[in-house]
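Undergrad: Got a predicted structure plus its sequence, pasted below:
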Amino acid sequence: MNAASSYINHFRPVYEFRAAVVWLVAVGFLPFSGMPYGWAFALAALAALLVRGSQVWKALRFRMAISTKWLTTIPVPRLLTVQKRMREENNSMFLGEGFEWTQKHCQIAHDILRMPTTDIPGLPKWLGKTRRGRQIEEAIEQLFAPEDSIRDRMPQGASWIHGMEPDKGFVPFHYKAMGGHTLVGGTTGAGKTRTYEVVSTQVVHLGDVLIIVDPKNDEEWKLRVERECARAGRKFLYFNQAKPSQSIRLNPIENWSQPSEIPSRIAQLMEEGPFRDFAFLFIDRAVKGELYVGDKPTLRSILKYAQSGITQLLERGLERFFQQAGLTNWEELVATTITQIGGRQGSTAPVDAMVMLYNERFAREDRGNEAIDGLIATHVHDREHYMRIIASALPLLQMLATGETGLMLAPKVDDFEDEREIWDIDKIIKQKAVLYMGLDSLSNNIVQKAIASMVLADVAAVCGSIYNFYTTKPEVVLIIDEIAEAINEQVIQILNKGRGAGFKAFVAFQARADLEARLGNAAKMLQVLGNLNNQIILRLEDSDTAQWFSDKVGETAIRNIQISGSTSRGSESHIGEFNGGITRSLQLEKAPLIPTALIQRLPNLQYFMRISGGAVYQGRIPILQG
């Protein structure tokens with residue numbers, strides 16, 4: 001009985017309208033009817049009119065809300081005012097207007113999904129057929145229009161999803177929940193970038209470090225972040241390999257804990273296989289050799305040693321080693337060694353002699369040096385075989401370390417004619433700057449993927465350093481649009497362990513298949529998704545991803561009315577006599593709290609948000625103005 005009484009049919013005819021008309025007539029007639037106490041009856045009729053009128057208004061408002069799509073606009077000053085209030089009240093970020101999605105909304109959604117689209121109540125179709133009718137239609141729309149809204153006339157999406165709840169509020173995204181990292185999913189044009197605009201604007205004014213990796217290089221997003229940095233007095237940094245004159249210089253191998261991290265960042269850009277492993281080995285030896293002689297490894301120096309060999313580096317390393325070992329007469333010993341081996345001519349003869357001296361005096365007695373041993377192993381390796389192996393890494397190094405790109409990624413500190421600032425991720429975080437990386441992935445996809453991968457590896461290195469050594473953890477927000485363009489092992493580590501270092505990551509994709517194709521297997525994909533505890537899902541075209549999110553949200557119970565009718569006629573009844581009956585039963589059945597059909601019908605800028613272990617919201621991202 002309770003279940004039946006709590007069920008509301010939102011799509012029945014508005015019967016209250018007739019009653020309201022009758023009471024309106026009564027209010028106008030009774031005072032002049034001449035009947036005793038007519039004024040008192042008129043007041044009673046007015047009270048009844050107000051009750052029925054309120055019911056009619058609610059019904060009309062509901063019908064207009066589910067039959068009309070709107071876009072919300074918000075000036076940035078008002079956004080910041082709302083953000084400040086929400087930060088003070090419940091330590092949350094503003095994500096537009098919406099409502100908590102509950103069983104009630106699931107029930108209405110399933111009722112609508114069972115209906116033919118022509119049965120969804122709204123304004124009469126004939127209004128739009130005449131000029132006068134269109135004017136009436138616009139007047140009615142404006143009467144029921146939400147505050148600061150404009151009509152959305154784009155064909156995408158169903159209007160009723162956001163309109164089924166009349167009492168909307170600000171959607172909160174709690175900062176503590178953001179530490180669990182967030183997935184932003186949506187098809188092309190659904191509103192991922194506009195969502196990021198709202199998030200990044202608030203992050204800039206909060207004072208947190210903001211690092212943005214945007215493969216599409218969205219100009220509006222970049223200008224928005226730059227404008228808000230100017231408004232907040234923050235340092236804005238722009239990196240774009242396709243626009244060197246506007247870009248900063250950024251060293252992606254500046255920060256590391258172990259020297260082997262540098263060759264790892266380069267090798268991971270290559271396809272897996274033995275050539276990748278050997279390339280890592282030879283680059284690792286060169287990097288350790290550079291560090292031993294006191295040089296700073298750069299992409300340019302690594303390319304030089306890959307192309308021309310490490311003979312010169314080995315010679316410098318042996319000179320340093322002999323001096324540190326106290327072998328003051330090493331030059332005489334080397335000259336003697338050259339004579340002993342027959343005075344062989346050639347550019348490598350002195351180095352060969354130095355190697356023989358090193359092996360006889362130090363290596364055999366286990367008093368050598370790891371970096372020198374590695375350089376010697378490369379030096380004596382078959383040159384032809386070495387070139388075949390390193391050839392797989394040379395094209396990539398050529399793209400990253402030469403030309404204008406090389407000057408941006410391997411900056412020359414002593415080049416005083418180049419006035420572009422030199423930055424690295426650690427410096428950006430320490431100075432609380434804002435970095436916007438625009439990657440020209442459409443015209444130069446291979447290079448852009450490599451740059452994004454190496455920079456994110458540098459972010460992971462700094463994240464690890466903060467986790468291990470910093471007593472006060474900085475607040476860092478990392479936003480990666482189109483994660484499949486830039487994902488690597490280091491990004492997975494940031495998602496795994498970044499929370500302890502104060503990192504909050506936002507990553508976006510269009511479908512789970514993008515991640516699986518990039519990572520190579522479903523297990524890696526699930527590992528990444530398992531570390532994205534919050535999900536903001538805009539319209540999806542991919543049914544697999546929509547089903548995955550629907551399963552994440554879970555199920556609920558909905559009410560379903562079953563109506564059956566029967567007629568019967570007895571054998572001894574007169575003609576025309578019969579018995580009949582109609583039976584109605586209210587049944588409960590399990591259903592997804594958010595059906596996949598809803599996810600695939602969301603209008604632009606509308607989303608479902610699930611916070612791990614918390615509430616589920618349906619909201620609409622506002623369009624920023626000012």
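TA: Yes, it's here.
Undergrad: Low-confidence stretches in this protein?
TA: The chain contains residues with pLDDT under 70 at 1-13, 116-145, 341-347, 441-443, 561-586.
Undergrad: which one's the longest helix in it?
TA: helix 38-67 (DSSP state H).
Undergrad: Run through the neighbouring helices and strands of that one.
TA: helix 16-29, helix 131-144, helix 160-163 (3 or more CB pairs under 8 Å, 6 or more residues apart in numbering; DSSP states H and E). Bear in mind the C-beta positions are built from the backbone N, C-alpha and C, glycine included.
Undergrad: buried set for the helix or strand following that helix?
TA: Proceeding C-terminally, helix 38-67 gives way to strand 70-75 as the next helix or strand, assigned by DSSP states H and E. Buried positions in strand 70-75, judged by neighbour count with 16 or more other CB atoms under 10 Å: Trp70, Leu71, Thr72, Ile74.
Undergrad: how long is stretch 228-244 end to end?
TA: Terminal residues of stretch 228-244 lie 23 Å apart, using CA to CA, to the nearest Å.
Undergrad: again, but for stretch 285-305
TA: Termini of stretch 285-305 sit 10 Å apart (CA to CA).
Undergrad: What is the distance between it and the centre of its chain?
TA: 36 Å (CA atoms, centre = their mean, to the nearest Å).
Undergrad: Show me where the stretch 351-500 of the chain has its strands.
TA: 422-423, 434-438, 476-480 (DSSP state E, counting those that start in this stretch).
Undergrad: got those as a markdown table, with distance to Ser247 and mean neighbour count columns?
TA: Formatted as a markdown table, the strands of the stretch 351-500 of the chain follow (distance: least, CB to CB, whole Å; neighbours: other CB atoms under 10 Å):
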| stretch | distance to Ser247 | mean neighbour count |
| --- | --- | --- |
| strand 422-423 | 10 | 18 |
| strand 434-438 | 9 | 25 |
| strand 476-480 | 19 | 24 |
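Undergrad: Save the ones you listed as JSON lines, and put in distance to Ile446 too.
TA: JSON lines is the format used below for the strands of the stretch 351-500 of the chain (distance: least, CB to CB, whole Å):
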{"stretch": "strand 422-423", "distance to Ile446": "24"}
{"stretch": "strand 434-438", "distance to Ile446": "16"}
{"stretch": "strand 476-480", "distance to Ile446": "18"}
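Undergrad: wait, which of those is closest to Arg227?
TA: strand 434-438 (11.5 Å; CB to CB).
Undergrad: which helices and strands does that closest one pack with?
TA: strand 209-214, helix 219-232, strand 236-239, helix 445-469.
Undergrad: What residues sit buried inside the longest helix of the chain?
TA: For helix 38-67, by 16+ other CB under 10 Å, it's 41-42, 45-46, 48-49, 52-53, 55-56, 59-60, 62-67.
Undergrad: Stretch 218-236 now?
TA: Asp218, Trp221, Lys222, Arg224, Val225, Glu226, Arg227, Glu228, Cys229, Arg234, Phe236.
Undergrad: before we move on, the earlier item: could you dump the helices and strands packed on strand 434-438 to a markdown table with distance to Tyr15?
TA: Shown next, in a markdown table, are those (distance: least, CB to CB, whole Å):
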| stretch | distance to Tyr15 |
| --- | --- |
| strand 209-214 | 54 |
| helix 219-232 | 49 |
| strand 236-239 | 60 |
| helix 445-469 | 61 |
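Undergrad: quick one: the nearest residue to Asp440 once chain neighbours are set aside from Gly326, how far?
TA: Closest residue to Asp440 apart from its sequence neighbours, by CB to CB, 6 or more residues apart in numbering: Ala242 at 3.8 Å. Ala242 is 53 Å from Gly326, where distance means CB to CB, to the nearest Å.
Undergrad: Out of these two, name the residue with the larger neighbour count.
TA: The neighbour count for Ala242 versus Gly326, taken as other CB atoms under 10 Å, is higher for Ala242 (18 against 7).
Undergrad: Let me know the secondary structure of that one.
TA: coil (DSSP: H, G, I helix; E, B strand; the rest coil).
Undergrad: thought it was touching Val447?
TA: No - with contacts counted by CB atoms under 8 Å, Ala242 stays clear of Val447, the gap being 9.6 Å.
Undergrad: list the helices and strands the helix or strand harbouring Glu88 packs on?
TA: Counting by DSSP H and E, the element that carries Glu88 is helix 76-90. Counting contacts by 3+ CB pairs under 8 Å, 6+ apart, helix 76-90 is packed against strand 92-100, strand 169-174, helix 192-206, strand 623-625.
Undergrad: can you redo the ones you listed as CSV with mean neighbour count and distance to Ile422?
TA: Below are those laid out as CSV (neighbours: other CB atoms under 10 Å; distance: least, CB to CB, whole Å):
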stretch, mean neighbour count, distance to Ile422
strand 92-100, 21, 33
strand 169-174, 18, 35
helix 192-206, 22, 23
strand 623-625, 16, 32
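Undergrad: Now the ones you listed in JSON lines, please, with extra columns for distance to Ala546.
TA: Formatted as JSON lines, the helices and strands packed on helix 76-90 follow (distance: least, CB to CB, whole Å):
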{"stretch": "strand 92-100", "distance to Ala546": "19"}
{"stretch": "strand 169-174", "distance to Ala546": "21"}
{"stretch": "helix 192-206", "distance to Ala546": "15"}
{"stretch": "strand 623-625", "distance to Ala546": "25"}
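Undergrad: right, and these - which one's nearest Ala109?
TA: Per CB to CB, nearest to Ala109 of the helices and strands packed on helix 76-90: strand 92-100, 12.9 Å.
Undergrad: and the angle for that closest one with helix 192-206?
TA: With axes from the mean of the first three to the mean of the last three CA atoms, to 10 degrees applied, the angle from strand 92-100 to helix 192-206 works out at 140 degrees.
Undergrad: Residues touching strand 92-100, excluding its own?
TA: 72, 79, 82-83, 86-87, 105, 146, 162, 165, 167-175, 178, 195, 198-199, 202, 536, 605, 609, 615-622 (CB atoms under 8 Å, 6 or more residues apart in numbering).
Undergrad: Pairing partners for it, with directions?
TA: strand 169-174 (antiparallel), strand 616-620 (antiparallel) (DSSP bridges).
Undergrad: starting at the chain centroid, how far to it?
TA: Chain-centre distance of strand 92-100: 17 Å, with CA atoms, centre = their mean.
Undergrad: Please report the distance of the residue nearest to Leu299 when sequence neighbours are not counted from Ser264.
TA: The shortest distance from Leu299 to any non-neighbouring residue, by CB to CB, 6+ apart, is to Ala401 (3.9 Å). Distance check for Ala401 against Ser264: by CB to CB, it reads 17 Å.
Undergrad: who's the residue nearest the centre of the chain bridged to?
TA: Taking CA atoms, centre = their mean, the centroid of the chain lies closest to Val507, which sits 2.5 Å from it. Note on Val507: beta-bridge partners by DSSP bridges are Leu183, Ile480.
Undergrad: OK, contacts around it?
TA: Residues near Val507 by CB under 8 Å, 6+ apart: His181, Thr182, Leu183, Val184, Ile479, Ile480, Ile483, Leu495, Leu532.
Undergrad: now with 7 Å?
TA: Leu183, Ile480, Ile483, Leu532 (CB atoms under 7 Å, 6 or more residues apart in numbering).
Undergrad: Closest one to Ala591 out of the residues you listed, please.
TA: Leu183 (24.0 Å).
Undergrad: thought the closest one was touching Asn533?
TA: No - using CB atoms under 7 Å, Leu183 is not in contact with Asn533; the gap is 8.8 Å.
Undergrad: Excluding sequence neighbours, find me the nearest residue to Trp548.
TA: Arg512 (6.2 Å).
Undergrad: For the residue nearest to Asp440, grab phi and psi.
TA: phi -80, psi -10 (degrees, to the nearest 10).
Undergrad: Distance of Leu357 relative to Glu370?
TA: 18 Å.
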